[in-house]
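Peer 1: kindly generate the corresponding structure for this input.
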Amino acid sequence: MDAISTAQFRPILSRALRATGRGVVLAATAVLSLALFVATTLATAFILLGVGVLLLPLLTPLVRRLTGLYRDLAARSGVTIATPYLPGSPTEPGVVGWVQRCRFILTDPASWRDLLFLLLNVVVGFALGLLPVALLVYAVEGLLLSSGFWVLVRESGVDFWYGFTPMDTWPRAALGALVSLTVFGIWLAVAPGVVAGHAHFAKALLGPSERALIASRMRHLSETRSDVINIQATELRRIERDLHDGAQARLVAIGMKLGAATRQLHTNPDAAETLLVDARNATATALEELRCLIRGIHPPVLAERGLEDAVRAIALESPIDVTVTADVPGRLAAPAESAVYFAISELLTNVAKHANADRASIDLRHEDGSLRAVVIDNGQGGADASAGTGLRGIERRCATFDGTFVLSSPEGGPTNAILELPCALYSPRTSSF
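Peer 2: As a prediction, the model looks like this:
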């Protein structure tokens, strides 16, 4: 029972200590909030005098770095705050550029919300940040006094009270210990909530406005549209190259063989027969190449049996041992199925080629309107999406559907790749291996 109580107490204590640490940061940076608020306000007021045109573009990055710190602290408390600033635009060099930057800063609603947050945070951040620290210090003080330090205090001639209890006898010291334990329990209970309260306060002012959300959405759509166009152009070039170098060349060779066989049909029947056999074999080879090309565009198993069975087929063809667990009780839109299929195929190919792994697992399931695929291998790790074109291609595929691709691959492994696409099921699954 004691072991269970200790196991339950440790995470509670850990959360309270982490919250208190964040509270120290909140209280310490409240003074910086005031300094930046005053400096930015004065710079804005002095724009007409020319001084503010130089100062405001220098102070705004500092303000945004501080508010970025508060967003990070809020995220540690479980409150996510998206970046609210409008996308920047190119500026001209020289004085004109400084004026353009000032104009951009002043027309961004997030700049004014930052200022309001800095002003209010002087009080809110300091009070909420200091409260957990004060409770912990007060509880530790009571425990130290009750353990015997009250005797030293009495010997120095000082009458000391802890709470409403005079610390002059051992019974009263025991009562003080109960009070300190109560304060300690209050600290454990309220410290995470107090810091989370500041996180919600920050989200109300530092979160993106409707205008910023629309601008961010438009920028994202523009980027993904460009990615889609580039992907389509690349795929078309690949198909054209495969047709030209493969099936087309094979068909031309078949035509030449048939022509030669026709010319020798009466003069040299044996040679004509040999050419016809070669042409028939080349026809089978060309047909197989066309089938491979079709599978590269949209695999038949994906079209006929759905994503779950198509992924199982990939796993069976992989040179390493791949375990698949799947729960997709229906069909998705064909583009979404294709994107996830080729993404998983690319991941398994990378595992087989580069990860030095002998086992991998795929977990595929549809929950809460999203399709989530997790691919884990026991390889050497070190995969980097920014350095690999294949992984970057997976990111672009996911972004096209407003999805995400998260890669965790520390040196030494394991590598954990997570794909998530918002998509709905539109028909029940009809078959399974």
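
Peer 1: which one in the protein is furthest away from the centre?
Peer 2: Thr267 (72.7 Å; CA atoms, centre = their mean).

Peer 1: against Ala260, how distant is it?
Peer 2: Thr267 sits 11 Å away from Ala260, taking CB to CB, to the nearest Å as the criterion. Placement of C-beta: from N, CA and C, glycine included.

Peer 1: follow-up on the earlier one: would you confirm that the residue farthest from the centre of the chain belongs to a strand?
Peer 2: No: secondary structure of Thr267 (DSSP: H, G, I helix; E, B strand; the rest coil): coil, not part of a strand.

Peer 1: pull up the per-residue confidence for it.
Peer 2: Note for Thr267: predicted pLDDT of 79.

Peer 1: please apply the same query to Val183.
Peer 2: pLDDT at Val183 comes out at 81.

Peer 1: tally of neighbours for the nearest residue to it once chain neighbours are set aside?
Peer 2: In this structure, Val183 finds its nearest non-sequential neighbour in Ala139, 4.2 Å apart by CB to CB, 6 or more residues apart in numbering. Under the neighbour criterion other CB atoms under 10 Å, Ala139 is assigned a count of 20.

Peer 1: list the residues that contact Ala139.
Peer 2: Ser180, Leu181, Val183, Phe184, Trp187 (CB atoms under 8 Å, 6 or more residues apart in numbering).

Peer 1: quick one: which of the residues you listed is most hemmed in?
Peer 2: Most surrounded of the contacts of Ala139: other CB under 10 Å gives Trp187, at 25 neighbours.

Peer 1: so it, which state does it fall into?
Peer 2: helix.

Peer 1: which SSE is Asp363 in?
Peer 2: Using DSSP states H and E, Asp363 sits within strand 359-367.

Peer 1: what does Val406 give?
Peer 2: Assigned by DSSP H and E, Val406 belongs to strand 404-408.

Peer 1: I'd say Ser180 and Glu141 touch.
Peer 2: Yes: using CB atoms under 8 Å, Ser180 is in contact with Glu141, at 7.3 Å.

Peer 1: in the chain, where is pLDDT below threshold?
Peer 2: For the chain, the stretches flagged by pLDDT under 70 are 1-9, 87-92, 94-95, 147-174, 176, 209-250, 286, 288-299, 385-390, 426-433.

Peer 1: just the strands in it please.
Peer 2: For the chain, the strands defined by DSSP state E cover 161-162, 165-166, 321-327, 359-367, 370-377, 404-408, 415-422.

Peer 1: redo the ones you listed as JSON lines? Include mean neighbour count and distance to Arg305.
Peer 2: JSON lines is the format used below for the strands of the chain (neighbours: other CB atoms under 10 Å; distance: least, CB to CB, whole Å):
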{"stretch": "strand 161-162", "mean neighbour count": "17", "distance to Arg305": "73"}
{"stretch": "strand 165-166", "mean neighbour count": "18", "distance to Arg305": "75"}
{"stretch": "strand 321-327", "mean neighbour count": "15", "distance to Arg305": "12"}
{"stretch": "strand 359-367", "mean neighbour count": "18", "distance to Arg305": "14"}
{"stretch": "strand 370-377", "mean neighbour count": "21", "distance to Arg305": "16"}
{"stretch": "strand 404-408", "mean neighbour count": "16", "distance to Arg305": "25"}
{"stretch": "strand 415-422", "mean neighbour count": "20", "distance to Arg305": "19"}
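
Peer 1: quick one: closest of the ones you listed to Leu66.
Peer 2: strand 404-408 (27.7 Å; CB to CB).

Peer 1: which residues sit against the closest one?
Peer 2: Contacts of strand 404-408 (CB under 8 Å, 6+ apart): 343, 383-385, 391, 394-395, 398-399, 415-420.

Peer 1: who does that strand pair up with?
Peer 2: If you go by DSSP bridges, strand 404-408 pairs up with strand 415-422 (antiparallel).

Peer 1: pull the distance from the partner strand to the chain's centre.
Peer 2: In terms of CA atoms, centre = their mean, to the nearest Å, the centre of strand 415-422 is found 10 Å from the chain centre.

Peer 1: quick one: that strand to strand 370-377, angle?
Peer 2: 170 degrees (axes from the mean of the first three to the mean of the last three CA atoms, to 10 degrees).

Peer 1: wait, what's in contact with the residue nearest to Ala336 when sequence neighbours are not counted?
Peer 2: Distances taken as CB to CB, 6+ apart place Cys423 nearest to Ala336, at 4.5 Å, with adjacent residues excluded. Residues in contact with Cys423 (CB under 8 Å, 6+ apart) are Leu332, Ala333, Ala336, Gly369, Ser370, Leu371, Phe401.

Peer 1: again, only this time at 10 Å
Peer 2: Counting by CB atoms under 10 Å, 6 or more residues apart in numbering, Cys423 touches 332-333, 335-337, 339-340, 366, 369-371, 401-403.

Peer 1: now which of these would you call buried?
Peer 2: Among the contacts of Cys423, the ones that count as buried by 16 or more other CB atoms under 10 Å are Leu332, Ala336, Glu337, Ala339, Val340, His366, Leu371, Phe401, Gly403.

Peer 1: do you know how far the residue farthest from the centre of the chain is from Leu145?
Peer 2: Taking CB to CB, one finds Thr267 at 118 Å from Leu145.

Peer 1: now swap in Ser345 and tell me
Peer 2: Using CB to CB, Ser345 is found at 67 Å from Leu145.

Peer 1: which of these two has more residues huddled nearby?
Peer 2: More crowded of Ser345 and Leu145, by other CB under 10 Å: Leu145, with 22 against 17.

Peer 1: can you give me the helices in the protein?
Peer 2: Ranges of helices in the chain, per DSSP state H, are 2-45, 51-76, 95-107, 109-144, 150-155, 170-206, 210-242, 249-263, 269-297, 300-305, 307-317, 334-354, 389-400.
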